[in-house]
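> Based on what follows, work out the 3D shape:
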Amino acid sequence: MGRLRSIAQSVSPTTLWDHIRAGVMPNTNYLAGRRLEYEVKKVFEAQGYHVIRASGSHGLYDLVCIRSNQIILVQCKLCADASTAAKLRVKWGLNPPFQPFNFPATQVLATKIKGSSAIFYVNV
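Numbers count the residues shown, from 1 in each chain. As a prediction, the model looks like this:
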């Protein structure tokens with residue numbers, strides 16, 4: 001029951017009960033990643049950005065943050081441990097997976113280790 005309660009807290013009641021009625025429990029990895037996206041979204045909104053979450057897109061970035069003439073594209077990654085997060089930050093810092101754009105946009109990788117409250121940001 002504890003696991004179901006924690007899932008219920010992170011999913012809207014309609015969505016959760018739709019899954020239960022269908023006999024399918026929500027993917028907990030997806031839910032954890034979605035929570036991270038919302039955490040990062042709140043950070044940028046607190047700094048005055050208008051943030052658009054590209055939910056379910058599986059594209060290059062999860063969030064588009066816009067403020068006056070500044071655009072930040074954010075990819076959020078939830079990592080199992082600190083070494084995985086560090087390797088990912090180094091890899092993306094040296095060889096960003098994002099293709100260059102014809103407009104000025106800052107590209108950011110936001111990583112968080114499962115069970116931690118700290119979120120690390122790297123401009124790529």
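> State the number of residues packed around residue 121.
Residue 121: 13 surrounding residues under other CB atoms under 10 Å. No exception for glycine: its C-beta is placed from N, CA and C like everyone else's.
> same check, this time on residue 92
Neighbours around residue 92, by other CB under 10 Å: 19.
> quick one: it from residue 28, how far?
As defined by CB to CB, to the nearest Å, residue 92 lies at a distance of 25 Å from residue 28.
> and if you look at residue 110?
In terms of CB to CB, residue 110 sits 20 Å off from residue 28.
> Give me the more crowded residue out of these two.
Using other CB under 10 Å, the more surrounded residue of residue 110 and residue 28 is residue 110, with 22 against 12.
> wait, that one sits on residue 123?
No - contact criterion CB atoms under 8 Å: residue 110 and residue 123 do not qualify, at 10.8 Å.
> pLDDT below threshold where in this protein?
1-21, 23-26, 56-57, 96-103 (pLDDT under 70).
> Helices along that one, start to end?
Assigned by DSSP state H, the chain shows helices spanning 2-10, 13-21, 28-46, 82-94.
> now what about the third one, what contacts it?
For helix 28-46, the surrounding residues in contact (CB atoms under 8 Å, 6 or more residues apart in numbering) are 7, 10-11, 51, 53, 55, 62-63, 65, 72, 74, 76-78, 110, 112, 114, 119.
> Buried among those residues? Need that as a selection in PyMOL.
Here is the PyMOL command that selects only those of the contacts of helix 28-46 that count as buried (16 or more other CB atoms under 10 Å):
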select buried, resi 7+11+51+53+62+63+65+72+74+76+77+78+110+112
